[in-house]
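K.L.:
below is the structure, and that's it, no one-letter string:
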């Protein structure tokens, strides 16, 4: 298979220049980017990155699932590997920064370090991870999950996209899969990822760098309410079994409980529907989502226990409730020593920073259970992500690269 | 235009027999009835009723808009008219009882009175009103509104159904309209309507007859909430502008206020939607309906004032709110003396009864502002109406006819 690759002179000086170039692979009319795993746009982007890595003098290669590595070999301890990068895939009509910035920042940081200090003592691998978003197949972290041994190739057989194509078939069609000679895999000494915050904390607090201490655990539920549909005019309040009213009470209750539990606890009812959904008919049924996140699973447990107390209220309204938990992801604590080193680095560089919790999932949470891992954030304008409106100021992108250079220096050169 | 009319021997003894016969005009597979104003099914039903009235010895005629009258002339005071009946139109896939029962009960009551006592002193007009539901054109009470002078024919020109047919065109196509010789119209001494409750109060309270003192006023609103859509994981509770959470608080607030205001006050949020409606995204927008009803407009005013107090809460959540009132119907008090007479009648007949408020609209509310008006209810199983499942027990239908006979005797014979 020949992959058409957009020509570039590779003379990128800033993150923005490189991000614009990369965004052309899968660029949409709305100014967003769509690069679903193993799609043409995704494949072109990975092959373009491979050519760019080669042009920069890196040893570039794919692994079995399509993760792309660009290696700058260490001259003193070549077997010690510092891994840095992020993911190349996007959601449908996503932004130019999510994932891509981590790859771009790594490429620029490693290049500048090489120009300034020559080859590193320890090996640096820049990685463009195949998949993180779960936007094509009902699975996330395929790239980092493969590297860390969470996933194996057999699992790819029974996972299908919306067109019924299996992950295995898509992977093989793109030129990957078991037929490739297995790539030598060595557990890295550290994984370092830089990413846009996808939140509003850094912007609101006017900080340039976020040093992530934890990635939250997530639990997701679907909640069903079954009351009785009745005439809105002829049914006294006392005789109602109003599913909408109980869903509203539930939303108020859980939001208040979440706030009371811990400052960094978040709980969201983002999806809701009522039936029959008519102004003059009492809703007989209602359904809503619940998304709860915190960095400590015992706090998530306590929240769940609190929710049980609502049963009394449902009974009082004669509305039946069913709570289905369909997702449960454990929180991950990232490496403390690396985070402390990042704080010192920021102070040295004179960059304002804040220790933060990541409320979104990232590849770092998969690496966090495998090797010492550091995750850094730069601000996102208005907290917007997964949208063509995703944006980070060029000076913030640059400050992120400086942080990453400092950290990679400490890990691979010092 | 020739109208095919289903043959019948007209030997109906019970309300059920006559209701089944009438339900065949516009009968649906689901066991419901669809008779939209001026549709073929509607027209066949009205012409069949005309033939039936004629077979019963009544003087039957249509007025300009298609209201059908069957007259039993009074022998002492023929110019004094007692009007009794209900509407022949239905909602889409409605029940067999709503409206139809009032016509059927009037026909049977007048027939039995004639068999027992001969011709009345005062004239009795049985009316099958053209339209009450508003299910074809965006207007309600076209039949009673025409009789009472609320509407005129000019208004029919600029009201359209969903296919773009004007009320005037549909009316003329059905054989009605200005071309008909105007019908002599005399203000009735009284209007008496019997109807299924469409509510659960009589059933729950185990009463056979409801004597309606008031028909509620209705106010309907659409409420818009505009906050900010954001990531459910990365946005702390304190930084949110969550439209769903505020809509939930609003629903809880207004439901509690409605309950506190008055036992017979009802307020319903029956329709609700959030945007973008995703489990992991804070809702940036929300919209819901509000339907509030009470028999005293000053109480409805007080409720509206209470709603204004919620503004503080919306401000606290940084969510903008807009409340649009798009319907305001005044409450109607029905005739007190007629209601007292109905209570005495029920006692005399040994029927359990209850003075009730009608939470639904009825033709009686239009007549209520025009002539002394009485509205009686019989129970509805589970309060269900506007559905093929609408049902009233045969013995309750019969008790209703006995009440109606008693009242018509008092008004037209005594």
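P.N.:
Nice, thanks for sending it over. Since the model is a prediction, treat every value here as computed from it, not as a measurement.
K.L.:
identify the residue spatially nearest to residue A:114, adjacent ones excluded.
P.N.:
residue A:72 (6.5 Å; CB to CB, 6 or more residues apart in numbering or on different chains). In short, each C-beta sits where N, CA and C put it, glycine included.
K.L.:
residue A:149 now?
P.N.:
Counting by CB to CB, 6+ apart, the residue nearest residue A:149 is residue A:370, at 7.7 Å.
K.L.:
so the one you found, which of the three states?
P.N.:
With DSSP: H, G, I helix; E, B strand; the rest coil as the basis, residue A:370 sits in coil.
K.L.:
what does residue A:16 show for phi and psi?
P.N.:
According to degrees, to the nearest 10, the main-chain angles of residue A:16 amount to phi -60, psi -40.
K.L.:
what's the distance between it and chain B?
P.N.:
Separation of residue A:16 from chain B (CB to the nearest CB, to the nearest Å) stands at 23 Å.
K.L.:
residues contacting that residue?
P.N.:
Residues near residue A:16 by CB atoms under 8 Å, 6 or more residues apart in numbering or on different chains: A:394, A:397.
K.L.:
and the strands in the stretch 1-150 of chain A?
P.N.:
Ranges of strands in the stretch 1-150 of chain A, per DSSP state E, counting those that start in this stretch, are A:59-62, A:68-72, A:77-87, A:122-129.
K.L.:
can you redo the ones you listed as a markdown table with mean pLDDT and mean neighbour count?
P.N.:
Listed next are the strands of the stretch 1-150 of chain A as a markdown table, based on pLDDT from 0 to 100; neighbours: other CB atoms under 10 Å in any protein chain shown:
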| stretch | mean pLDDT | mean neighbour count |
| --- | --- | --- |
| strand A:59-62 | 96 | 17 |
| strand A:68-72 | 97 | 22 |
| strand A:77-87 | 97 | 22 |
| strand A:122-129 | 98 | 26 |
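K.L.:
I'd like these as TSV, with distance to residue A:262 appended.
P.N.:
Output for the strands of the stretch 1-150 of chain A, formatted as TSV (distance: least, CB to CB, whole Å):
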stretch	distance to residue A:262
strand A:59-62	43
strand A:68-72	39
strand A:77-87	29
strand A:122-129	31
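K.L.:
to residue B:163, which of the ones you listed lies closest?
P.N.:
For the strands of the stretch 1-150 of chain A, distance to residue B:163 was read as CB to CB. The smallest value, 52.9 Å, belongs to strand A:77-87.
K.L.:
in three-state terms, label residue A:339 for me.
P.N.:
Put simply, residue A:339 is helix when judged by three-state DSSP.
K.L.:
ok, it touching residue A:376?
P.N.:
No. Counting by CB atoms under 8 Å, residue A:339 sits too far from residue A:376 to count as a contact (9.5 Å).
K.L.:
ok, residue A:400 to chain B distance?
P.N.:
The spacing between residue A:400 and chain B, counted by CB to the nearest CB, is 17 Å.
K.L.:
that residue: which element?
P.N.:
Using DSSP states H and E, residue A:400 maps to helix A:394-408.
K.L.:
name the residues of that helix that are buried.
P.N.:
Neighbour counts over helix A:394-408 (16 or more other CB atoms under 10 Å in any protein chain shown) mark A:396-408 as buried.
K.L.:
between that helix and strand A:68-72, how many degrees?
P.N.:
Angle of helix A:394-408 versus strand A:68-72, following axes from the mean of the first three to the mean of the last three CA atoms, to 10 degrees, is 60 degrees.
K.L.:
OK, contacts around the residue nearest to residue A:114?
P.N.:
In this structure, residue A:72 makes contact with A:57-59, A:110, A:114, A:119-120, A:123-124, A:126, judged by CB under 8 Å, 6+ apart.
K.L.:
now do residue A:281
P.N.:
Counting by CB under 8 Å, 6+ apart, residue A:281 touches A:229-232, B:268, B:270.
K.L.:
residue A:179 too?
P.N.:
Neighbouring residues of residue A:179 by CB under 8 Å, 6+ apart: residue A:172.
K.L.:
before we move on, back to that, what's the closest of the contacts of residue A:72 to chain B?
P.N.:
Nearest to chain B among these: residue A:126, at 25.8 Å, using CB to the nearest CB.
K.L.:
who's in contact with that closest one?
P.N.:
Residue A:126 neighbours (CB under 8 Å, 6+ apart): A:53, A:58, A:69-72, A:84-85, A:103, A:106-107, A:110.
K.L.:
for chain A, which spans come out with low pLDDT?
P.N.:
In the predicted model of chain A, residues A:1-8 satisfy pLDDT under 70.
K.L.:
which residue would you name as the spatial centre of it?
P.N.:
Centroid-nearest residue in chain A: residue A:362, 3.5 Å away (criterion: CA atoms, centre = their mean).
K.L.:
measure the residue sitting furthest away from the middle of chain A to chain B for me?
P.N.:
Most distant residue from the mean C-alpha position of chain A: residue A:234, 50.5 Å away (CA atoms, centre = their mean). From residue A:234 across to chain B, the span is 3 Å (CB to the nearest CB).
K.L.:
and the gap between the residue nearest to that residue when sequence neighbours are not counted and residue B:373?
P.N.:
Closest residue to residue A:234 apart from its sequence neighbours, by CB to CB, 6+ apart: residue B:199 at 2.8 Å. The gap separating residue B:199 from residue B:373 is 19 Å, by CB to CB, to the nearest Å.
K.L.:
just to revisit the earlier point, just checking, the residue farthest from the centre of chain A touches residue B:197?
P.N.:
Yes. With contact defined as CB under 8 Å, residue A:234 reaches residue B:197; the gap is 6.7 Å.
K.L.:
overlap in contacts of those two?
P.N.:
Counting by CB under 8 Å, 6+ apart, the shared contacts of residue A:234 and residue B:197 are residue B:383.
K.L.:
gap between the two ends of stretch A:170-186?
P.N.:
Stretch A:170-186 has an end-to-end distance of 27 Å (criterion: CA to CA, to the nearest Å).
K.L.:
how many residues are close by residue A:201?
P.N.:
When neighbours are counted by other CB atoms under 10 Å in any protein chain shown, residue A:201 registers 21.
K.L.:
how about the contacts made by it?
P.N.:
A:210, A:354, A:356, B:234, B:236, B:239.
K.L.:
let me have those residues in a markdown table, extended by distance to residue A:27 and secondary structure.
P.N.:
Putting the contacts of residue A:201 into a markdown table (distance: CB to CB, whole Å; DSSP: H, G, I helix; E, B strand; the rest coil) gives the following:
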| residue | distance to residue A:27 | secondary structure |
| --- | --- | --- |
| A:210 | 28 | strand |
| A:354 | 33 | strand |
| A:356 | 30 | strand |
| B:234 | 25 | coil |
| B:236 | 33 | coil |
| B:239 | 31 | helix |
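K.L.:
closest one to residue B:38 out of those, please.
P.N.:
residue B:239 (57.1 Å).
K.L.:
against chain A, how distant is that closest one?
P.N.:
Distance from residue B:239 to chain A, counting by CB to the nearest CB: 6 Å.
K.L.:
many thanks, have a good one.
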